[in-house]
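Enquirer: Mind folding the following:
(2 chains)
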Amino acid sequence: MERDDLIEYSLDTHHSEEQGKQIRSKILKVTVLLTLITVIEVALGAFIKQSSEAWPFVKWTFIVLTLLKAGYIVMVFMHLGDERKWMRNVILIPYALFILYLIFIALWEALAVGDAWSSVAV
Amino acid sequence: MAGQTTQLDSKTLWGGKESPFQTSYGKLMMWFFLVSDALTFSGLLVAYGFVRHDTLEAWPIGEETFNSLPFLGHGYPLIYVALMTFILIVSSVTMVLAVEAGHRMDKKGVVKWMIATIIGGFFFLGSQVWEWSHFIHGSEFGRIELADGSEAIVKGHFGEIESFTVVEAGMHHKKGDVIKDDLMHTFQHAAENGQIHEGGMIHLHDGSLAKIKKAHDHDMELTIKYTSEASKRKIGDKIEGKEAEKQYYASLYSGTPKVTYGAKWFEDGEHWLPTKNEYGPQQYAHFFFFITGFHGFHVFSGVLINILILIGAMKGTYHKRGHYEMVEKTGLYWHFVDLVWVFVFTFFYLV
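Expert: Numbers count the residues shown, from 1 in each chain, chains lettered A, B, ... in the order given. So this is what the prediction gives:
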């Protein structure tokens, strides 16, 4: 018996030669962008020392650039940007909430532990 | 089949039969798996952040630790890791091109880009092997403990060792023998065990004593990474030129173990312990091996899965099926591996 509840959603993603051209040029643009970001990151890392005054700024620049790179990979390469809005949200929101909380709690605690150790060490 | 042209209001979407996300079961499950895997990697990186934030020791700096290239030696901060990053980005691009070809039912295109992706994956794995090996063996100078108990990492050009000339015979070598094999390894092993002495003499395995013939070092620079109570030096202090050479060789010739090369296991009585590494706190090397190793394991399994999918594509399995969704699903996994590396690159090497 043929099941009528199986829908081949994968067929929806098919596209024509014409659309393919557009998609490929977008891929090329993103590739250039990702490479550029990596080059900027390496140049900053190699030329600005961690002891320099500009370091905190550089550090945050790294984090912002990394998130930008990650965004392009997830949204364009992994096609999450083309999925339905709530599929996107179901994946991103729980993850983001949990990780932001984990980062906050772990680093905050680590600083407190470091303080405690330095007061014992002296 | 492709009959999703019906009205997609919220009632039909959530009323059963249709997938509310308009996605196949397999793709959705791949996404959920990736979220859980992302949590694992985040956990590892946050743990790394924890240790780094609570440590009182000087944490190793990426551009100082990773500044070598194969065949070219030192002085190229971060270039090698940048190259690895670039390789992985390119293989991600070829993967997305394979997925795109699949959407056009272009079998040849899929096969071509899958092969490119697999080659990229192997390149990355090979690069990681070199990097691990380099990390384990360490630099030519190693990390040195100075006379006042402070410790420094060493940068500069290491003068090549040309030969050892035996001056006192041992079990194996006779007086006057000139040894030209395995010099660097022998030298570092002796240095680790405090068997290099005043005037450039080395105690060999067989008990013989030899004179080291070695070219001059250039541009030596010591950076203090650990300071003892007896020392007036501060972390980050630099010692350069002649003074650096004087301090370095005074420690090397002291007859006690003062040098550490790379990150190895050391024998401590009857146990083998990962007691020291050249770069800094023990945990640094632990996290390096665990995080890059766990990521490398993902790359490796990704390459294997890609090979299976390539075989499927070549046999025409997906073409018969009418769509190349398997390529898309493996693509998701492969992009995820690239995504993880973007974060490892930033938090392990850059920051």
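Enquirer: so what's the backbone phi/psi at the nearest residue to residue B:215 once chain neighbours are set aside?
Expert: Leaving out its chain neighbours, the residue that sits closest to residue B:215 by CB to CB, 6 or more residues apart in numbering or on different chains is residue B:159, at 3.5 Å. Backbone N, C-alpha and C define where each C-beta goes, glycine included. Taking degrees, to the nearest 10, you get phi -70, psi 130 for the backbone angles of residue B:159.
Enquirer: I'd guessed residue B:159 sits against residue B:219; true?
Expert: No - in this structure residue B:159 lies outside contact range of residue B:219 using CB atoms under 8 Å: 11.0 Å.
Enquirer: now the helices for chain B?
Expert: Secondary structure of chain B (DSSP state H): helices located at B:10-14, B:25-54, B:62-65, B:79-103, B:107-137, B:183-192, B:241-252, B:282-315, B:317-321, B:325-344.
Enquirer: Can you say which of these is nearest to residue A:50?
Expert: Set against residue A:50 and scored by CB to CB, the helices of chain B come closest in helix B:62-65, at 8.4 Å.
Enquirer: Would you mind splitting the chain into its domains for me?
Expert: All of this is about chain A. Annotated domains of chain A cover A:19-82, A:84-122 [automatic domain parsing].
Enquirer: wait, I meant chain B there
Expert: Taken from automatic domain parsing, chain B resolves into B:26-138+B:283-350, B:143-262.
Enquirer: top helix in chain A by residue count?
Expert: helix A:85-121.
Enquirer: and that one, what's its mean pLDDT?
Expert: In this model, helix A:85-121 has an average pLDDT of 92.
Enquirer: is that helix up against chain B anywhere?
Expert: Yes - with CB under 8 Å from any CB of the partner chain as the criterion, chain B is reached by helix A:85-121 at A:86-87, A:90-91, A:94-95, A:98-99, A:102-103, A:106-107, A:109-111, A:113-114, A:117-118, A:121.
Enquirer: roughly how far out does that helix sit from the chain middle?
Expert: Distance of helix A:85-121 from its chain centroid, counting by CA atoms, centre = their mean, to the nearest Å, is 16 Å.
Enquirer: Next, the buried residues of stretch A:10-23.
Expert: In terms of neighbour count (16 or more other CB atoms under 10 Å in any protein chain shown), stretch A:10-23 has its buried residues at A:10-11, A:13, A:20, A:23.
Enquirer: mean confidence score for stretch B:73-92?
Expert: Mean predicted confidence for stretch B:73-92 is 88.
Enquirer: and if you look at stretch B:235-248?
Expert: 88.
Enquirer: ok, residues contacting it?
Expert: Residues outside stretch B:235-248 that contact it (CB atoms under 8 Å, 6 or more residues apart in numbering or on different chains): A:51, B:58, B:141, B:144, B:146-147, B:152, B:154, B:156, B:217, B:219-227.
Enquirer: now do the same end-to-end measure for that stretch.
Expert: 17 Å (CA to CA, to the nearest Å).
Enquirer: And the helices of chain B: which comes nearest residue A:34?
Expert: Of the helices of chain B, nearest to residue A:34 by CB to CB is helix B:79-103, at 5.2 Å.
Enquirer: Establish whether that closest one and chain A are in contact.
Expert: Yes - applying CB under 8 Å from any CB, one finds helix B:79-103 in contact with chain A at B:79, B:82, B:85-86, B:89-90, B:92-93, B:95-97, B:99-100, B:103.
Enquirer: that older thread, I'd like to know which of the residues of helix A:85-121 next to chain B are buried.
Expert: A:87, A:90-91, A:95, A:99, A:102, A:106-107, A:110, A:114.
Enquirer: okay, the buried residues of stretch A:10-23 in JSON lines with distance to residue B:261, secondary structure and pLDDT next?
Expert: Converted to JSON lines, these look like this (distance: CB to CB, whole Å; DSSP: H, G, I helix; E, B strand; the rest coil; pLDDT from 0 to 100):
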{"residue": "A:10", "distance to residue B:261": "54", "secondary structure": "helix", "pLDDT": "81"}
{"residue": "A:11", "distance to residue B:261": "59", "secondary structure": "helix", "pLDDT": "84"}
{"residue": "A:13", "distance to residue B:261": "53", "secondary structure": "helix", "pLDDT": "83"}
{"residue": "A:20", "distance to residue B:261": "53", "secondary structure": "helix", "pLDDT": "91"}
{"residue": "A:23", "distance to residue B:261": "50", "secondary structure": "helix", "pLDDT": "92"}
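Enquirer: Save these as CSV, and put in distance to residue B:336 too.
Expert: Shown next, in CSV, are the buried residues of stretch A:10-23 (distance: CB to CB, whole Å):
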residue, distance to residue B:336
A:10, 19
A:11, 24
A:13, 19
A:20, 24
A:23, 20
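Enquirer: give me the subset of those residues touching chain B.
Expert: Okay, of these touching chain B (CB under 8 Å from any CB), that's A:10-11, A:13, A:20, A:23.
Enquirer: Please list the residues of the stretch 251-351 of chain B that sit near chain A.
Expert: Checking the stretch 251-351 of chain B against chain A by CB under 8 Å from any CB, the hits are B:322-323, B:325, B:328, B:331-332, B:335-336, B:338-339, B:342-343, B:345-346, B:349-351.
Enquirer: Counting neighbours, which of those residues end up buried?
Expert: For these, buried by 16+ other CB under 10 Å: B:323, B:325, B:328, B:331-332, B:335-336, B:338-339, B:342-343, B:345-346, B:349-351.
Enquirer: ok, the residue nearest to the spatial centre of chain A to chain B distance?
Expert: Chain A has residue A:70 as the residue nearest its centroid, 2.3 Å off, counting by CA atoms, centre = their mean. For residue A:70, the distance to chain B equals 6 Å [CB to the nearest CB, to the nearest Å].
Enquirer: who's in contact with that residue?
Expert: Counting by CB under 8 Å, 6+ apart, residue A:70 has contacts B:339, B:342-343.
Enquirer: In JSON lines: those residues, plus distance to residue B:63 and pLDDT.
Expert: JSON lines is the format used below for these (distance: CB to CB, whole Å; pLDDT from 0 to 100):
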{"residue": "B:339", "distance to residue B:63": "23", "pLDDT": "96"}
{"residue": "B:342", "distance to residue B:63": "18", "pLDDT": "94"}
{"residue": "B:343", "distance to residue B:63": "18", "pLDDT": "95"}
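Enquirer: Please look at residue A:13 and residue B:104 and confirm they touch.
Expert: No - assessed by CB under 8 Å, residue A:13 is found out of contact with residue B:104, at 10.5 Å.
Enquirer: about what we covered before: the residue nearest to residue B:215: neighbouring residues, count only.
Expert: 13 (other CB atoms under 10 Å in any protein chain shown).
Enquirer: Name all residues that make contact with it.
Expert: B:214-218 are the contacts of residue B:159 under CB under 8 Å, 6+ apart.
Enquirer: rewinding a little: flag whichever of the helices of chain B has the least confidence on average.
Expert: helix B:10-14 (a mean of 73).
Enquirer: Okay, buried residues for it please.
Expert: Result for helix B:10-14 [16+ other CB under 10 Å]: buried residues residue B:13.
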